[in-house]
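Enquirer: Below is the sequence, then the predicted model.
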Amino acid sequence: GENVEQHPSTLSVQEGDSAVIKCTYSDSASNYFPWYKQELGKRPQLIIDIRSNVGEKKDQRIAVTLNKTAKHFSLHITETQPEDSAVYFCAAWTGGFKTIFGAGTRLFVKA
Amino acid sequence: GAVVSQHPSWVICKSGTSVKIECRSLDFQATTMFWYRQFPKQSLMLMATSNEGSKATYEQGVEKDKFLINHASLTLSTLTVTSAHPEDSSFYICSATIAGGSYNEQFFGPGTRLTVL
């Protein structure tokens, strides 16, 4: 069935270091991969997304890469700051016209 | 633009009662609305997909008679939790896609926290 796996579940980094979160998806028909940041009790916020016709996308300190062959996509955050601490979810829009979310990564940025 | 609201933001009810949650697109017409449930420290789990004027499509394991979804207009979808029990306590979030827009870009509501006593 449709599935998105996300690793790691928890990530702790020192302020200024980089953070990388990796996801894999199962549905080869998936063509849109958004990443969300969620703070406690709040709605998910779209931070970056990538479509299947692109291999990489960057927006300031955030970048996403996509390997369609391997069905992998990753989020890279550089120069992390304490305010980056939150839960991050990867997701994939599937051929079934719905979004499947990964399990989430709790990121802690230590000052 | 692309604002989605939910009402109420939180609700506490007694076991056995029914609760209705509204999801509205404030400044756009929504082709499709999605309902998610999120338990503490867990991911968003899709419950159902609804399109205006048609029956909702429920995900496997979601009881359609317990979670009634009505999508009466292009700007309003409602989720009714019938005969709620403590295990239904959760954070319910809706999202919507824009009619005529990118069909897979979703805009999320702020969520409704349901506590069943």
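Expert: Thanks, I have it. Note that the coordinates shown come from a computational prediction; the quantities given were computed from them, not determined experimentally.
Enquirer: How about the residues of chain A by chain B?
Expert: Residues of chain A lying near chain B by Cβ under 8 Å from any Cβ of the partner chain: A:31-32, A:34, A:41-44, A:46, A:49, A:89, A:93, A:97-104. Glycine gets a C-beta too; all of them are placed from N, C-alpha and C.
Enquirer: hey, where'd the strands end up in chain B?
Expert: Using DSSP state E, the strands of chain B run over B:4-7, B:10-13, B:19-25, B:30-38, B:45-51, B:57-58, B:67-73, B:76-81, B:90-98, B:107-108, B:112-116.
Enquirer: In the second one, which residues are buried?
Expert: Applying a neighbour-count criterion of 16 or more other Cβ atoms under 10 Å in any protein chain shown, one finds B:11, B:13 buried in strand B:10-13.
Enquirer: Repeat that for the first one.
Expert: Judged by neighbour count using 16+ other Cβ under 10 Å, the buried positions of strand B:4-7 are B:4, B:6.
Enquirer: picking that back up, drop anything exposed from the residues of chain A next to chain B.
Expert: Buried by 16+ other Cβ under 10 Å: A:31-32, A:34, A:43-44, A:49, A:89, A:93, A:98-104, out of these.
Enquirer: List the beta-bridge partners for the residue lying closest to A:Val20 once chain neighbours are set aside.
Expert: Distances taken as Cβ to Cβ, 6 or more residues apart in numbering or on different chains put A:His76 closest to A:Val20, at 5.4 Å, once the chain neighbours are dropped. Beta-bridge partners of A:His76, counted by DSSP bridges, are A:Val20, A:Ala63.
Enquirer: show me the contacts for A:His76.
Expert: A:18-20, A:62-65 (Cβ atoms under 8 Å, 6 or more residues apart in numbering or on different chains).
Enquirer: let's go with 7 Å and repeat that
Expert: By Cβ atoms under 7 Å, 6 or more residues apart in numbering or on different chains, A:His76 lies in contact with A:18, A:20, A:63.
Enquirer: Please apply the same query to A:Lys57.
Expert: Neighbours of A:Lys57 in contact, by Cβ under 7 Å, 6+ apart: A:48, A:50, A:63-64.
Enquirer: Distance of B:Gln60 relative to B:Phe91?
Expert: 21 Å (Cβ to Cβ, to the nearest Å).
Enquirer: who's more crowded, these two?
Expert: Between B:Gln60 and B:Phe91, counted using other Cβ atoms under 10 Å in any protein chain shown, B:Phe91 has the larger neighbour count: 19 against 5.
Enquirer: hey, what's that one bridged with?
Expert: B:Gln38, B:Arg113.
Enquirer: Can you give me the neighbour number for B:Val62?
Expert: Residue neighbour count, defined by other Cβ under 10 Å, stands at 17 for B:Val62.
Enquirer: so it sits right up against B:Met45, yeah?
Expert: No. With contacts counted by Cβ atoms under 7 Å, B:Val62 stays clear of B:Met45, the gap being 8.7 Å.
Enquirer: residues touching the closest residue to B:Cys94 other than its chain neighbours, list them.
Expert: The shortest distance from B:Cys94 to any non-neighbouring residue, by Cβ to Cβ, 6+ apart, is to B:Cys23 (3.5 Å). Shown in contact with B:Cys23 (Cβ under 7 Å, 6+ apart): B:4, B:6, B:33, B:77, B:94, B:109.
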